[in-house]
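K.L.:
model the structure of this input:
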Amino acid sequence: MVFAAPGEALARAESVLRSDPSPLDASVAHQVIGIWQRDFGDLAVALDHLRRARDWAARADSADREADVLATLGVALVHAGRTRQGLAALDRGVARGNGHTRARVLYRRAFAGWVLGRHKEALEDLRRAIPVLRQADDVIWTARALSVRATVHLAMGAVERADADFTAAELLWETTGQEHDKAVAVENRGLAAYRSGDIPAALRLLAEAKERYDGLGTPSFMLYIARCDVLMAAGLAPEALAEADAAIAALDRIGGQSTRKAELLLTAARSALSTGDPQTAIARAAVAVRLFSGQRRSWWETHARLALIEARVAGGAASGRLVQDAAAVADRLASFGAPAAPEASLLAGRIALALGWTADAERHLAVAARSRHVGPPLARMTGWAAQALRARAAGSRRGVLEACRRGLDVLDDHRMTLGASELRARATAQGAELAALAQQASLAHGGPRRLLEWSERWRATVLSTPPTRPPADPALLASLTAFREIASRAEEARRERRPVPALEREQRRLEREIRARTHHTRGDAPGGGDRFDPARLLERLGEARLVELAVLDGRVHILLCGQGRVRRFAGGLLAEAVAEAEHVQAGLRRLAHPGAEARLPVVEAAGRRLEELLLGAAADQLGSGPVVIVPPGALHRVPWALLPSLRERVLSVSPSASSWLRARETEPPPGGRHVLVRGPGLATGGAEVPEVAGRYAAARILEHDEAQVPRVLEELDGAALAHIAAHGTFRADSPLFSSLRMADGPLIVHDFERLARSPYRIILSSCDTARLASVGADELLGLVTALLPLGTAGVVASSAPVNDAAVVPLMLALHKGLGAGLSLAEALRDARAALPNDALHQATGWAFAAFGAA
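P.N.:
Predicted coordinates for the structure are as follows:
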């Protein structure tokens, strides 16, 4: 009953103890309380009750009762880190029990074996227990035994066997009232989905399991561990680290199982390593190693040692001792049959390469490379990374490029199973090393065109296909509506200087709910869209020039495409360019306010410096036609129109050459509907909108109460041109919650992603609407990049705060050019030229850019 109705079981056991029970009944009641405390509460309290249960069982003179309690006590002692005592109690339970009871004890000893990483012993105990449990028609305990056997299979990498056992167990659970066990079954299916590479299904199932646990009031720390693993696989390492640390704190508060604490510390170490924080990873992994060692859990201790070595290497350490340690860990993991063994061999090979020990490196990398043809996607990625490093050490450029191509193909297929654009973008971080290896090989031996191909291979891949639109999920729509309402009330409270903490907490809760639901969306069939073709790009450019900036080893390489060829020029250091761009952004923020004219020469000087760093000698080779700039994610905030050689040009910006090609070849929708939107609270009231409306026959104007998100989305869907005058808010912490303020609250990126087709051209006339977050390998998330894969061919937006009044003449001049048949980039160039020649208006013009090719 503890796992069917936990609260009721606890209450009834306590009631039995108050009623002067017989020794047998007292033993059962104390055991029930002990189980509840062991799994959901204070482990020290659990051990006290279980020892009493053992003593009462001895007085009851029942061998089977005593065996059963010894088994429960043994598992609790193992969880407390008292491994020798726990195994001794389990062994006594096996010896004391008979038949059916002995089978139940064998199941518990197998469970302890799984906790300890003693997988072969666990499988042997289950081999003996399951037939007896089935023969006794013991549905509940058979299902438990099958679940543990499946979990052991997963730990050993046998995903198909695990799936079969999980499925059989779940069918049995459905015939029982064991609600906690049913929740465990859902959690297990989520774990199996993760191990097979289906991240959206894993996230959805783990969320369902959490709802079930919450309903029962039974916390599951194993669920936290599984969720953290899945979050890391999805590229959400910061969230995984926060969740692991929160679970550790919660476990400490209730005095919970030290075995789970050690596992959570290992999870936290891996998460910290993925976030680029090796010192935190070292601290967490070192404690985990110590705890696992004290608990005599060799399998787990070896995994923790792997994390510790990885963290030390990430922190800059490299020595012969570390090579030996990593190799020893790899051998130990291989002896366990652990799927992480190739990862350890790859680590040993990397360290050996860094030390110049090529023979040792080849030996370890060859072992790691064996995993490239089998296993889940990220395991195969490990194998292809090892193969690429082997080829580079052997001086084989062709071998490097082939290994990188095959590895990135594997990751492409994995990414495309993810429906949410955020997950797709963040997952690219796992291919960053392969992309960098290929670019380095191309730079050394392949020429500019080959470098362009590899620069494009892993740049802005999230734009290559639209995100999978979530199904018509009423819960998601309800959450989006509630989010707008709460965000609108919070904004109103801030304006009126009223307290907002409660509203902000609810807003954050709704944001988490929306993100979680979109992450559950599974992607379409594998395949990353059309492959980039340099010849096609050069043909479509015509008289234009495209400048793609590739970054290798911290230095910018300028690839100038046009006139049928690709040329490479040397640029400056990326770090210097990023710092200069931040100075420019600060200057533009000052210039958005009257009276800051003295900053103008400083900003212009920074523009000249940026040109030296980012265009170099290519600035003199741009010709007289239009220019397309393709910057890396780190440089997305550069106001390109500020650079002297670009100021008077027809200039557009694109996240990748591939996305520019797609925009260039996107056809406008039939019908040519024009939509103009005015949001609330603008200093000018969106003064340009009424004048712009006069330029377009039958333009649809949404303002005041009509400018509500559902109506705005309805009108935007499939429009030829949309102009939105609304306050923009960029969310660096969660870029898909960047928003435009409508009458009923924020219009966020998640809303845009529900459009069947976003407007062919869209103009965002307020502050910060072009700001983006750089994530993954070289991906960008924000309003602009959300629109481009959805059918939008061109966007005009600003990357800095702008003066509302100065925006009005710029927008009017822009629409005048569009009315004359110009493209967005041509019209924006002419609009800048038409502005008054003062600092305020010049800064406003520089802050806006045309994205895409419409």
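K.L.:
CA only for contacts and neighbour counts going forward, please
P.N.:
Will do.
K.L.:
next, count neighbours for the closest residue in space to Phe848 that isn't next to it in sequence.
P.N.:
In space, Phe848 comes closest to Ser798 once its chain neighbours are excluded; the distance is 4.1 Å by Cα to Cα, 6 or more residues apart in numbering. Ser798 has 26 neighbouring residues, counting by other Cα atoms under 10 Å.
K.L.:
how close does Ser798 sit to Gly728?
P.N.:
According to Cα to Cα, to the nearest Å, Ser798 stands 10 Å off from Gly728.
K.L.:
find residues that contact each of the two.
P.N.:
Taking Cα atoms under 8 Å, 6 or more residues apart in numbering as the criterion, Ser798 and Gly728 both touch 766-769.
K.L.:
which of the residues you listed lies closest to Val184?
P.N.:
Thr769 (44.4 Å; Cα to Cα).
K.L.:
just checking, the closest one touches Ala726?
P.N.:
No: the criterion here is Cα atoms under 8 Å, and Thr769 misses it with Ala726 at 9.7 Å.
K.L.:
mean confidence score for the longest helix along the chain?
P.N.:
When the chain is parsed with DSSP state H, its longest helix is helix 474-495. Helix 474-495 shows a mean pLDDT of 76.
K.L.:
what does that helix rub up against?
P.N.:
499-500, 503-504, 506-507, 510-511, 513-514, 517, 744-747.
K.L.:
how far away is Leu408 from Arg372?
P.N.:
From Leu408 across to Arg372, the span is 12 Å (Cα to Cα).
K.L.:
what of Ile629?
P.N.:
Counting by Cα to Cα - Ile629 and Arg372 are separated by 37 Å.
K.L.:
next one: Thr275
P.N.:
25 Å.
K.L.:
Ser147 touches Arg161, doesn't it?
P.N.:
No: in this structure, Ser147 is not within contact of Arg161 by Cα under 8 Å, at 11.2 Å.
K.L.:
those two: which has the busier surroundings?
P.N.:
Using other Cα under 10 Å as the criterion, Ser147 and Arg161 rank with Ser147 on top: 26 against 15.
K.L.:
show the average pLDDT along the strand or helix carrying that one.
P.N.:
Per DSSP states H and E: Ser147 is located in helix 139-155. Averaged over helix 139-155, pLDDT sits at 92.
K.L.:
and stretch 448-468, by the same measure?
P.N.:
Computed over stretch 448-468, the average pLDDT equals 72.
K.L.:
that older thread, of the contacts of helix 474-495, buried ones?
P.N.:
When neighbours are counted using 16 or more other Cα atoms under 10 Å, the contacts of helix 474-495 contain these buried positions: 503-504, 506-507, 510-511, 513-514, 517, 744-747.
K.L.:
out of those residues, list just those in strands.
P.N.:
745-747 (DSSP state E).
K.L.:
could you report the neighbour count for Thr844?
P.N.:
26.
K.L.:
check contacts around the closest residue to it other than its chain neighbours.
P.N.:
Spatial nearest neighbour of Thr844, excluding adjacent residues (Cα to Cα, 6+ apart): Val802 at 5.8 Å. Remark: with contacts taken as Cα under 8 Å, 6+ apart, Val802 is in contact with 588-589, 592, 766-767, 843-844, 847.
K.L.:
wait, a strand at Val551?
P.N.:
Yes: under DSSP: H, G, I helix; E, B strand; the rest coil, Val551 falls within a strand.
K.L.:
how many residues are close by Gln279?
P.N.:
16.
K.L.:
check contacts around it.
P.N.:
Counted by Cα under 8 Å, 6+ apart, Gln279 has contacts 311, 315.
K.L.:
before we move on, what about Ser293?
P.N.:
Contacts of Ser293 by Cα under 8 Å, 6+ apart are Glu301.
K.L.:
so where is the protein shaky, pLDDT-wise?
P.N.:
Scanning the chain with the threshold set as pLDDT under 70 gives 414-430, 460-473, 515, 517, 519-530, 773-780.
K.L.:
what's Val628 sitting at in phi/psi?
P.N.:
phi -110, psi 130 (degrees, to the nearest 10).
K.L.:
can you tell me how far it sits from Gly852?
P.N.:
Taken as Cα to Cα, the span from Val628 to Gly852 is 9 Å.
K.L.:
of these two, who's got more company?
P.N.:
Taking neighbours as other Cα under 10 Å, Val628 and Gly852 compare with Gly852 leading, 29 against 26.
K.L.:
so Phe851 is in which element?
P.N.:
Going by DSSP H and E, Phe851 is in strand 848-852.
K.L.:
give the other helices and strands that that strand contacts.
P.N.:
strand 651-653, helix 657-664, strand 794-798, helix 824-834 (3 or more Cα pairs under 8 Å, 6 or more residues apart in numbering; DSSP states H and E).
K.L.:
that older thread, what's the most distant pair in the buried ones among the contacts of helix 474-495?
P.N.:
Arg517 and Asp744 (22.3 Å).
K.L.:
now the helices: where do they sit in the stretch 401-550 of the chain?
P.N.:
All helices of the stretch 401-550 of the chain, identified by DSSP state H, counting those that start in this stretch, fall at 421-427, 432-441, 447-457, 474-495, 501-519, 534-541.
K.L.:
residue boundaries of the helices in the stretch 651-800 of the chain?
P.N.:
Using DSSP H, counting those that start in this stretch, helices in the stretch 651-800 of the chain cover 657-664, 688-693, 709-716, 749-752, 783-787.
K.L.:
can you list contacts of the last one?
P.N.:
With Cα under 8 Å, 6+ apart as the test, helix 783-787 has contacts from 463, 655, 736, 738-739, 748-749, 752-753, 758, 769-772, 795, 797, 851.
K.L.:
could you do the fourth one as well?
P.N.:
For helix 749-752, the external contacting residues (Cα under 8 Å, 6+ apart) are 713, 736-739, 758, 782-783, 786-787.
K.L.:
make it 10 Å
P.N.:
Helix 749-752 is contacted from outside by 420-421, 469-470, 477, 480, 514-515, 518, 709-710, 713, 716-717, 735-740, 758, 781-787, 790, using Cα atoms under 10 Å, 6 or more residues apart in numbering.
K.L.:
distance from the chain centre to it, please.
P.N.:
18 Å (Cα atoms, centre = their mean, to the nearest Å).
K.L.:
before we move on, what about the first one?
P.N.:
Using Cα atoms, centre = their mean, the distance from the centre of helix 657-664 to the centre of the chain it belongs to is 26 Å.
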